[in-house]
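J.: pasting the structure only:
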Ligand SMILES: NC(=O)c1ccc[n+]([C@@H]2O[C@H](COP(=O)([O-])OP(=O)(O)OC[C@H]3O[C@@H](n4cnc5c(N)ncnc54)[C@H](O)[C@@H]3O)[C@@H](O)[C@H]2O)c1
Ligand SMILES: O=c1ccn([C@@H]2O[C@H](COP(=O)(O)OP(=O)(O)O[C@H]3O[C@H](CO)[C@@H](O)[C@H](O)[C@H]3O)[C@@H](O)[C@H]2O)c(=O)[nH]1
């Protein structure tokens, strides 16, 4: 089947950039991205490309090129579903916050709503593509809803799994030049194979066929969770060793370089940090743990859960190190945060380590002053309020947001680097030092600053994973 019209449900961090790239690379296909969030759609349609709801390097240019030509953002979900030959579901699948599986399982209510809506609205055959990250075997639930509700008896549906592997901050490069594209489908029927081929042909407009991998649906669904678990495991592994480095006089960056040069290990994802964040790693590993438990695989579940426990420890450890270094009290002391996003080059803050470190320090009655080049003030308060640790009013009193890093650091007792934004390396650190309380402490949670230079200025420095010479 030659696809002419695509609908994507969910205009978020995945739906927006992914569809923008498909539209740019396939001018012959009309792509409509729909969302129930009117504000988000308005922002995607803003004539000022700096106001797009997702910040990603290079995204503005691609949206500018394709929008209005064959890329559209709309709130008319039913209409877009009905017109499409292929529907991507790219809605959020957060960790459940209630009921059975609370705190572990993926909440699939948005996925189910989409499936029911497609079944209700569709009047012609559709290929439905799972773009969201889903527990293994979700496709069978979607198929059952599609086949048994609405027009399901008259209209034929094929379900594909096409998980997205882009990382935020590099989404456009990842989409334009992916390591692989994974497509899972019903390989046992000719209709299933035709559907797979339709999607392969879309990606083949810019991705080499050798990099487009086709599998059965369950392998595809499980590979996504597995990839994230392996990546996060590397970060937790190196973070666990950062603590040992600090005790023994080793330097975690040197250790990472030394082991990463072994081609069997590889050098990527070995950067020790204040802990991984982002909307995916924690959620997807918890989901994997939940699935393993639900099959009675206790050892498998415990093995992967440790990746999360290590990450929680790393965030807490960083906050406690700040407190103990500042003479065991931060009450009334001003701590400047450089960075709030979960990594550089994104405005996304979901599960950012900064939120948890701030929460620990606010519990100790510290005053926090934050500067982040891309995160909006309101988002930081929403992140803290979401934890439900204290009142909104207390969060606003405890945390102040600045537009200027030098103002954020003025009179601070300490600076903590929580995100690895490149601009932090270019600051006039002497000027920052001069404006701070003394001793001026610096906690580099991302290992990006030149500690020797900062110590020469007079800073008392802590760099994650760097032990003192014994
Ligand atoms: N963020 C990433 O880097 C990333 C990468 C790969 C995969 N994923 C996966 O992709 C999925 C989406 O993630 P995201 O970060 O884009 O989420 P997001 O929260 O940024 O976007 C999801 C959007 O879906 C919309 N939505 C929810 N229900 C809807 C409905 N019934 N009809 C129309 N719109 C609806 C929401 O309003 C929201 O705008 C998740 O499953 C996630 O795990 C995310
Ligand atoms: O060596 C490293 C690498 C990453 N991180 C941290 O790990 C988190 C996640 O980073 P990254 O994986 O680069 O960003 P995400 O956007 O969360 O992307 C991950 O999650 C996505 C959602 O599922 C997947 O699509 C991607 O392939 C996967 O990399 C961030 O806090 C990083 O700072 C480290 O601390 N050290």
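T.: Structure's in. What do you need? Nothing here was measured: the structure is a model prediction, and the numbers come from that model. Ligands and ions are numbered 1, 2, ... in the order given.
J.: Okay, strands next: where are they in the protein?
T.: Using DSSP state E, the strands of the chain run over 5-9, 30-34, 71-74, 86-89, 126-130, 157-161, 181-185, 212-216, 334-338, 367-371, 399-402, 414-417, 441-444, 460-463.
J.: and ligand 2, which of these is closest to it?
T.: The closest of the strands of the chain to ligand 2 is strand 181-185. By CB to the nearest ligand atom, the value is 11.1 Å. For glycine as for every other residue, the C-beta is placed from the backbone atoms N, C-alpha and C.
J.: Can you name the residues of the stretch 101-250 of the chain that neighbour ligand 1?
T.: Contacts of the stretch 101-250 of the chain with ligand 1, taken as CB under 6 Å from any ligand atom, map to 110, 113, 114, 132, 133, 164, 166, 168.
J.: The residues you listed in helices, which ones?
T.: Judged by DSSP state H, helices contain the following of these: 110, 113, 114.
J.: residues near the closest residue to ligand 1 within the stretch 351-470 of the chain, how many?
T.: As assessed by CB to the nearest ligand atom, ligand 1 sits closest to residue 351 within the stretch 351-470 of the chain, at 10.7 Å. Counted by other CB atoms under 10 Å, the residues lying close to residue 351 total 21.
J.: low pLDDT regions in the stretch 351-470 of the chain?
T.: For the stretch 351-470 of the chain, the stretches with pLDDT under 70 are 469-470.
J.: name the helices or strands packed onto the least confident helix or strand in the chain by mean pLDDT?
T.: Lowest mean confidence among the helices and strands of the chain (mean pLDDT, DSSP states H and E): helix 138-148, at a mean of 93. The contact analysis (3 or more CB pairs under 8 Å, 6 or more residues apart in numbering; DSSP states H and E) places helix 138-148 against helix 109-121, strand 126-130, strand 157-161, helix 217-248.
J.: show me the contacts for the residue in the chain positioned nearest to ligand 1.
T.: Per CB to the nearest ligand atom, residue 12 is where the chain lies closest to ligand 1, at 1.9 Å. Residue 12 makes contact with 35, 40, 54, 90, 91, 92, according to CB atoms under 8 Å, 6 or more residues apart in numbering.
J.: Would you mind checking which of those residues is nearest to residue 407?
T.: Nearest to residue 407 out of the contacts of residue 12 is residue 54 (CB to CB; 27.4 Å).
J.: does that closest one really touch residue 19, like I thought?
T.: No. The pair residue 54 / residue 19 is not scored as a contact, 11.6 Å apart, by CB atoms under 8 Å.
J.: Which of these two has more residues huddled nearby?
T.: Using other CB under 10 Å, the more surrounded residue of residue 54 and residue 19 is residue 19, with 28 against 23.
J.: That one touches residue 70, doesn't it?
T.: No. Applying CB under 8 Å as the test, residue 19 and residue 70 come out as separate, 10.3 Å apart.
J.: between the two, what contacts are shared?
T.: residue 31.
J.: quick revisit: which of the residues of the stretch 101-250 of the chain next to ligand 1 are buried?
T.: Neighbour-count burial (16 or more other CB atoms under 10 Å) is assigned, among those, to 110, 114, 132, 133, 164, 166, 168.
J.: Could you find the closest non-adjacent residue to the fifth one?
T.: For residue 164, the nearest residue in space outside its immediate sequence neighbours is residue 14; the separation is 5.1 Å by CB to CB, 6 or more residues apart in numbering.
J.: how close does the one you found sit to ligand 2?
T.: Remark: distance between residue 14 and ligand 2 (CB to the nearest ligand atom, to the nearest Å) = 8 Å.
J.: how about that residue, phi and psi?
T.: Backbone torsions of residue 14, given as degrees, to the nearest 10, read phi -100, psi -50.
J.: how far away is it from residue 148?
T.: Going from residue 14 to residue 148 by CB to CB, to the nearest Å gives 28 Å.
J.: likewise residue 392?
T.: To residue 148, residue 392 is 44 Å away according to CB to CB.
J.: any idea how far residue 435 is from ligand 2?
T.: The spacing between residue 435 and ligand 2, counted by CB to the nearest ligand atom, is 28 Å.
J.: Surely that residue is in contact with residue 406?
T.: Yes. Using CB under 8 Å, residue 435 is in contact with residue 406, at 6.8 Å.
J.: Mind checking which of residue 14 and residue 148 has more residues around it?
T.: residue 14 (26 against 10).
J.: The more buried one and residue 90 touch, don't they?
T.: Yes. Counting by CB under 8 Å, residue 90 is a contact partner of residue 14 at 5.0 Å.
J.: Residue 375: neighbour count?
T.: Residue 375: 24 surrounding residues under other CB under 10 Å.
J.: if we can go back for a sec, quick check on the nearest residue to the residue of the stretch 351-470 of the chain closest to ligand 1 once chain neighbours are set aside: phi, psi?
T.: Closest residue in space to residue 351, ignoring its immediate chain neighbours: residue 277 at 4.4 Å, by CB to CB, 6+ apart. In terms of degrees, to the nearest 10, the main-chain angles of residue 277 are phi -130, psi -160.
J.: For residue 277, give its distance to residue 403.
T.: Where residue 403 is concerned, residue 277 sits at a distance of 23 Å (CB to CB).
J.: any weak-confidence spans in this protein?
T.: Counting by pLDDT under 70, the chain has low-confidence residues at 152-153, 469-470.
J.: can you tell me which residues contact the residue lying closest to residue 273 once chain neighbours are set aside?
T.: Nearest residue to residue 273, sequence neighbours excluded (CB to CB, 6+ apart): residue 446, at 5.7 Å. Residues near residue 446 by CB under 8 Å, 6+ apart: 271, 273, 274, 339, 417, 418, 419, 420, 464.
J.: how close does the last one sit to residue 126?
T.: It stands for residue 464. In this view, residue 464 and residue 126 are 49 Å apart by CB to CB.
J.: can you check the second one too?
T.: Using CB to CB, residue 273 is found at 42 Å from residue 126.
J.: If you count neighbours, what's buried in stretch 438-452?
T.: Those would be 440, 441, 442, 443, 444, 445, 446, 447, 448, 449, for stretch 438-452 by 16+ other CB under 10 Å.
J.: Could you do stretch 365-384 as well?
T.: So stretch 365-384, judged by 16+ other CB under 10 Å, has buried residues 366-375, 377, 379-380, 383-384.
J.: Please state the offset of that stretch from the chain centre?
T.: Relative to its chain's centre, stretch 365-384 lies at 18 Å (CA atoms, centre = their mean, to the nearest Å).
J.: Repeat that for stretch 422-435.
T.: Remark: stretch 422-435 is offset 28 Å from the chain centroid, using CA atoms, centre = their mean.
J.: cool, and stretch 237-252?
T.: 26 Å.
J.: contacting residues around it?
T.: Stretch 237-252 has contacts (CB under 8 Å, 6+ apart) with 255-256, 270-273, 275, 310-311, 314, 317, 447, 464-470.
J.: Would you indicate which residues of that stretch are buried?
T.: In stretch 237-252, counting by 16+ other CB under 10 Å, buried: 238, 239, 240, 241, 242, 243, 245, 246, 250, 251, 252.
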